[in-house]
Structures are given as structure tokens and as C-alpha cells.
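Undergrad: sequence and predicted structure are below.
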Amino acid sequence: MGNDREITVIIQSGRGSREFTFRQETKAQDAANEAAVALGYPPGGAYVLVRLKTGEELDGQRPLVSFQIEDGETLALSETGSGV
């Protein structure tokens, strides 16, 4: 678990899942891009994160803290337009 300025999440994709720790102020788009590259997707793609708990697609311009994501929550990584 991170400190109170960080959040740890599990990000699942078609290429597996992995635990990531981000600063709470990290924008959802930046988190999606970082996770995509770490999971083996090409940089520069159009990636989004989705909360599995609610089905909500995270607005890429908002910071992670604004979604009230719980520490340890699982998110899904998707490439927009591809159904990854």
C-alpha cells in the first residue's frame, strides 16, 4: 500500500494484469498510457481505464483521486476503438 498521496491499483488487460502505484494527482489518461506501455502495448495509442466495480470509463483529463478509487481496486485497460 502506498502513502496517502498515492493509490495502488491492479490494471487488467488482454495481455495480463499488473499492480501499479500512482500519485493521486495523476491524470487517468497518463495512468492508462503508462500501464499500456508497461503491459506491452505500443506507445501513442488511445487507451482508457474502466472501473470494473462500476463500469465507469475514467475521464482521461481528471486526476485519479477525483474518482474515489479504492486502494487495491481493479481497473481494466482498453484501447479505444479496438475492444482490447
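TA: Yes, it's here.
Undergrad: mind listing what's buried along stretch 60-79?
TA: Buried residues in stretch 60-79, counted by 16 or more other C-beta atoms under 10 Å: Gly60, Pro63, Leu64, Phe67, Ile69, Glu73, Leu75, Ala76, Leu77, Ser78, Glu79. In short, each C-beta sits where N, CA and C put it, glycine included.
Undergrad: same check on stretch 40-59?
TA: Quick answer for stretch 40-59 (16+ other C-beta under 10 Å): Tyr41, Tyr47, Val48, Leu49, Val50, Arg51, Leu58.
Undergrad: returning to that earlier point: can I get the buried residues of stretch 60-79 in JSON lines with secondary structure and distance to Ala35?
TA: JSON lines is the format used below for the buried residues of stretch 60-79 (DSSP: H, G, I helix; E, B strand; the rest coil; distance: C-beta to C-beta, whole Å):
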{"residue": "Gly60", "secondary structure": "coil", "distance to Ala35": "12"}
{"residue": "Pro63", "secondary structure": "strand", "distance to Ala35": "16"}
{"residue": "Leu64", "secondary structure": "helix", "distance to Ala35": "12"}
{"residue": "Phe67", "secondary structure": "helix", "distance to Ala35": "15"}
{"residue": "Ile69", "secondary structure": "coil", "distance to Ala35": "13"}
{"residue": "Glu73", "secondary structure": "coil", "distance to Ala35": "14"}
{"residue": "Leu75", "secondary structure": "strand", "distance to Ala35": "8"}
{"residue": "Ala76", "secondary structure": "strand", "distance to Ala35": "10"}
{"residue": "Leu77", "secondary structure": "strand", "distance to Ala35": "5"}
{"residue": "Ser78", "secondary structure": "strand", "distance to Ala35": "11"}
{"residue": "Glu79", "secondary structure": "strand", "distance to Ala35": "11"}
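Undergrad: max pairwise distance over the residues you listed: which two?
TA: Pro63 and Glu79 (21.9 Å; C-beta to C-beta).
Undergrad: where do the helices sit along the chain?
TA: 28-38 (DSSP state H).
Undergrad: now do the strands in the protein.
TA: 6-13, 16-23, 47-51, 74-79 (DSSP state E).
Undergrad: could you dump the ones you listed to TSV with distance to Gln29 and mean pLDDT?
TA: Output for the strands of the chain, formatted as TSV (distance: least, C-beta to C-beta, whole Å; pLDDT from 0 to 100):
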stretch	distance to Gln29	mean pLDDT
strand 6-13	13	97
strand 16-23	12	97
strand 47-51	8	97
strand 74-79	12	96
